[in-house]
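Engineer: 3D, please:
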Amino acid sequence: QVQLVESGGGSVQAGGSLRLSCAASGRTFSAYAMGWFRQGPGKEREFVAAISSYGGTTNYADSVKGRFNISRDNAKNTVYLQMSSLKPEDTAVYSCAVFRGQFYTTYTQLYYWGQGTQVTVSS
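Structural biologist: Residues are numbered from 1 along each chain as shown. Take a look at the predicted model:
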């Protein structure tokens, strides 16, 4: 059974940092792009970042460029999201995802989806 388990969320003041982790189990995802989405209170789910299967290509939402960094460790079947200079508008449930393909595009379908971890940024 495939599971994606996120961790590292919490509460932080504006300007602070958090590092999210997403550990996959049940199968290996080194051949697939992985990424992060978020859904804030009263908002629709939005794309945050993605990384290609072997880590050579990354994609970011404009709202997080320069502040967030996505990485992965295929040996650990884990993807990370380092978040810095956090803002109150970053408050959301962050979920990791596996995409059906080696690279992410806006048309890439989701393959697997995690339950999410809460990130709360106070001003």
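Engineer: surely Gln109 touches Val98?
Structural biologist: No - using CB atoms under 8 Å as the test, Gln109 is too far from Val98 to be in contact (10.2 Å). Backbone N, C-alpha and C define where each C-beta goes, glycine included.
Engineer: who has more neighbours, the two?
Structural biologist: Here Gln109 and Val98 are compared on neighbour count by other CB atoms under 10 Å; more neighbours surround Val98, at 21 against 7.
Engineer: quick one: what helix or strand has that one in it?
Structural biologist: Here Val98, judged by DSSP states H and E, is contained in strand 92-99.
Engineer: residues making contact with the helix or strand that that strand is followed by?
Structural biologist: Using DSSP H and E, the next helix or strand after strand 92-99 towards the C-terminus is strand 110-113. Residues outside strand 110-113 that contact it (CB atoms under 8 Å, 6 or more residues apart in numbering): Val2, Leu4, Ala24, Phe29, Tyr32, Ser95, Cys96, Ala97, Val98, Phe99, Arg100.
Engineer: could you redo the last one with a cut-off of 10 Å?
Structural biologist: Contact with strand 110-113 is made by 2-4, 24, 26-27, 29, 32-35, 37, 95-101, as judged by CB atoms under 10 Å, 6 or more residues apart in numbering.
Engineer: which PyMOL command selects the buried ones in those residues?
Structural biologist: Under the burial definition 16 or more other CB atoms under 10 Å, those of the contacts of strand 110-113 that qualify are selected in PyMOL by:
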select buried, resi 4+24+29+32+33+34+35+37+95+96+97+98+99+101
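Engineer: surely Gln39 is in contact with Gln115?
Structural biologist: No - assessed by CB atoms under 10 Å, Gln39 is found out of contact with Gln115, at 11.9 Å.
Engineer: who's more crowded, the two?
Structural biologist: Remark: of Gln39 and Gln115, Gln39 carries more neighbours, 14 against 11, as counted by other CB under 10 Å.
Engineer: ok, now which ones touch that one?
Structural biologist: Arg45, Glu46, Ala92, Val93, Tyr94, Ser95, Gly116.
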